[in-house]
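Asks: Give me a model of this one.
(one chain, ligands or ions: 1)
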Amino acid sequence: MHKEELLVVSRYPESDMAWLAQHYTLHVLADTTDRAALLADVAPRVRVLATNGESGADATLIDALPKLEVIVSYGVGVDAIDLAHAARRGIRVTNTPEVLTGDVADFGIALMLAIARQIPQNDALVRAGQWGTASFPLTTRMFGKRLGIVGLGRVGRAVARRAEAFDMKIAYHDRIRFEDVAYDYHPSAAALAREVDFLMVCAAADQIPRGAIGLEVFDALGPEGILVNVARGSIIDEPVLLAYLRERRIRGAALDVYWNEPAIDLRWRSLPNVVLQAHRASATVETRAAMAQLVRDNLAACFGGRPLVTEFTGHLAKA
Ligand code: 8YV
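Replies: Alright, predicted model coming up:
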């Protein structure tokens, strides 16, 4: 059977790699020590590139593949793909929207509870046999508090729905005010931060400048404020956040995403007022299976000459 060639940027979970290997002739960039040689070898043939939210595809990679027609990404966030460059080259992009929304929103709520109620910190004390000797400080209540959501897209809205069940008062900042929600709107992230106890970042990173959540926003959030990020590390001014947490100029942060993953800034490790996760918000068996299925369906559509199942077009109006 003739198999189409597929260039894969980073390895997917092994079961997905096995499925892809059965159906396509795979070339995996992450597996080679000589990236340039692999690219030179496949460049005359590769029409489809498979990537994920973190690895994306930069302009150099796109330009190394003159026959490239479609970039298929396993993830909803497309900020690591050079979208403007892809558009210039007429290369289409697919992602995996919708299927991960619920899990990411659950994770945002879990992180908010974890940092407010100090769940990982208490777990560490119990494991260390310090129940009875260590002091377990009183924590902060979450229910009934004010939650500010930066980015009221699919995930932001799913977080808001969940937070309503915690009797939280919800407000948001986005580029536009939405008429279909009753939550308070603020025209800037700083204005939002001034009015809330918890600030959760849910924005798509291709829609918000790098480091947009920085000094001004943290000052507005204040020393009792708590930050949660389930979007992208790039949205936060990380050096400023590290300093503000160290100096207790904000109360705490629960983070799933960072600059420079997975080799994150070592200073995170020594801060007591943070909860750290390893970009796991969509990492459930159920969601990852649904994401993998969308990747397969989009690949089948590309190679079968059918319309793409979940084409990302958000950038095309700007191109
Ligand atoms: C994944 C994500 O981390 O969808 C996204 O944008 O950040 C995640 O779901 C990733 O794409 C899978 O490796």
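Asks: The ligand contacts on this protein?
Replies: 52-54, 74-77, 100, 279, 282 (C-beta under 6 Å from any ligand atom). Yep, even glycine has a C-beta here, placed from its N, CA and C like the rest.
Asks: again, 8 Å this time
Replies: Proximity of the chain to the ligand, by C-beta under 8 Å from any ligand atom, involves residues 10, 12, 52-55, 73-78, 95-96, 100, 104, 232, 257, 279-283, 287-288, 291.
Asks: List the ones among those residues that fall in helices.
Replies: 104, 287-288, 291 (DSSP state H).
Asks: Tally up the residues packed near Ser15, please.
Replies: 11 (other C-beta atoms under 10 Å).
Asks: Same question for Leu299.
Replies: 22.
Asks: Could you look up the SS state of it?
Replies: Judged by DSSP: H, G, I helix; E, B strand; the rest coil, the three-state class of Leu299 is helix.
Asks: ok, now how distant is it from the ligand?
Replies: According to C-beta to the nearest ligand atom, to the nearest Å, Leu299 stands 16 Å off from the ligand.
Asks: now swap in Val217 and tell me
Replies: Val217 is 22 Å from the ligand, by C-beta to the nearest ligand atom.
Asks: quick one on the thing from earlier: what would the ones in helices among the residues of the chain next to the ligand look like in JSON lines with neighbour count, pLDDT and distance to Lys145?
Replies: Written out in JSON lines, the entries for those read as follows (neighbours: other C-beta atoms under 10 Å; pLDDT from 0 to 100; distance: C-beta to C-beta, whole Å):
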{"residue": "Val104", "neighbour count": "23", "pLDDT": "98", "distance to Lys145": "21"}
{"residue": "Thr287", "neighbour count": "19", "pLDDT": "98", "distance to Lys145": "28"}
{"residue": "Arg288", "neighbour count": "20", "pLDDT": "97", "distance to Lys145": "32"}
{"residue": "Met291", "neighbour count": "25", "pLDDT": "98", "distance to Lys145": "32"}
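Asks: mind giving me TSV with the residues you listed and columns for distance to Leu152?
Replies: Converted to TSV, these look like this (distance: C-beta to C-beta, whole Å):
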residue	distance to Leu152
Val104	14
Thr287	21
Arg288	25
Met291	23
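Asks: Go through those residues and say which is closest to Glu311.
Replies: Met291 (15.6 Å; C-beta to C-beta).
Asks: So that closest one is in contact with Ser282, correct?
Replies: Yes. Counting by C-beta atoms under 8 Å, Ser282 is a contact partner of Met291 at 7.0 Å.
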